[in-house]
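1. from the sequence below, what's the structure:
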Amino acid sequence: MFNINSPLEQFEIVNLIPIYFYSCNLSFTNASFLMFIVIFLAFFWLSLSFFKAKIIPNYWQLLYEEFYFLTSNIVLENLSKKGEIYFPFIFSLHLFLLFSNLLGMIPYSFTVTSHIAFTFGLSFAIFIGINIIGLKTHGLNFFSLFLPRNVPLIIVPLLITIEFLSYLVKVFTLAIRLFANMTSGHTLLKIIAGFAWTMLISGGLLSILHLIPLGLLFVLVGLELAIAILQAYVFTLLTCIYLNDVLELH
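-> Sure, this is the predicted structure:
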């Protein structure tokens, strides 16, 4: 009798080093460990890109330059020249999310971005930072963002409420889009893999037919890799768009 683990088991957070301070759980978990691994791999990849840099780039240098230009284009197209000061943060964000998503594709690894607590915490921190930038740039005039010009006085309260709620929704759109895509994709891969394994161990004709879901699994892995790269790009792009909104007061 074979025991097939739940598809959601891969998202379980496990305490590696239990640390408790009164009622607060400050333990070092598998999520914390994977974030350290992501940072280490990102720095290691960058060091490979700069190692013996040549005019004719090597493979690692070419990858780095392509990624650099991709992020640079995101900033320039959405923030123009005024966004250059924010490029280091945007580049770091894009790099961290990309490595987090790709590392989570490795079997028996852990996908940090598949947890709403992480994605919401990240998007909320970005949201707070964007608002601080808006207030610092425009002062109290920043609140005109919630009230377009030449609006009839009678609908001002309703319009401010709608604009404010739609502004707050940005936090959730950032967090839920990344979380939902990574969680659903990894869950589907686990289900298909479990289904293929169940058919294989059943014996008879089913053990041969397991090649069908196995082939589908390889296709889905390729699709999930594309989604992992795309979602890091989309999160970065939306961050730039939201930042541009407070700088330009659209």
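2. can you give me the helices for this structure?
-> Secondary structure of the chain by DSSP state H: the helices cover 30-50, 59-79, 87-103, 116-138, 156-202, 205-209, 211-248.
3. distance from the second one to the middle of the chain?
-> Using CA atoms, centre = their mean, to the nearest Å, the distance from the centre of helix 59-79 to the centre of the chain it belongs to is 17 Å.
4. just stretch 210-229 next, same as before
-> 20 Å.
5. next: stretch 201-212.
-> 37 Å.
6. and the contacts of it?
-> Applying CB atoms under 8 Å, 6 or more residues apart in numbering, the external contacts of stretch 201-212 come out as 2, 196, 197, 199, 200. Yep, even glycine has a C-beta here, placed from its N, CA and C like the rest.
7. now it: buried residues?
-> By neighbour count on 16 or more other CB atoms under 10 Å, the buried set for stretch 201-212 is residue 210.
8. how near is the nearest residue to residue 120 once chain neighbours are set aside to residue 123?
-> Setting aside the residues directly before and after it, residue 120 is nearest to residue 175 in space (CB to CB, 6 or more residues apart in numbering), at 4.0 Å. From residue 175 over to residue 123 the distance is 4 Å, taken as CB to CB, to the nearest Å.
9. circling back: what's the most buried one of the helices of the chain?
-> helix 87-103 (a mean of 20; mean count of other CB atoms under 10 Å).
10. and that one, what does it pack against?
-> The contact analysis (3 or more CB pairs under 8 Å, 6 or more residues apart in numbering; DSSP states H and E) places helix 87-103 against helix 30-50, helix 59-79, helix 211-248.
11. now tabulate those helices in CSV and tack on mean pLDDT and distance to residue 100.
-> Output for these, formatted as CSV (pLDDT from 0 to 100; distance: least, CB to CB, whole Å):
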stretch, mean pLDDT, distance to residue 100
helix 30-50, 86, 5
helix 59-79, 86, 15
helix 211-248, 88, 8
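12. now these as TSV including distance to residue 139?
-> Shown next, in TSV, are the helices and strands packed on helix 87-103 (distance: least, CB to CB, whole Å):
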stretch	distance to residue 139
helix 30-50	36
helix 59-79	20
helix 211-248	12
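13. quote the end-to-end distance of stretch 102-116.
-> In terms of CA to CA, to the nearest Å, the two terminal residues of stretch 102-116 are separated by 18 Å.
14. what does the average pLDDT come to for it?
-> Per-residue pLDDT over stretch 102-116 has a mean of 86.
15. buried stuff in that stretch?
-> Burial within stretch 102-116, assessed by neighbour count using 16+ other CB under 10 Å, is assigned to 102, 103, 104, 105, 110, 111, 112, 113, 114, 115.
16. which residues sit against that stretch?
-> Contacts of stretch 102-116 (CB under 8 Å, 6+ apart): 10-11, 13, 30-31, 33-35, 37-38, 41, 97, 100-101, 118-119, 175-176, 178-179, 182-183, 186, 221, 224-225, 228-229, 231.
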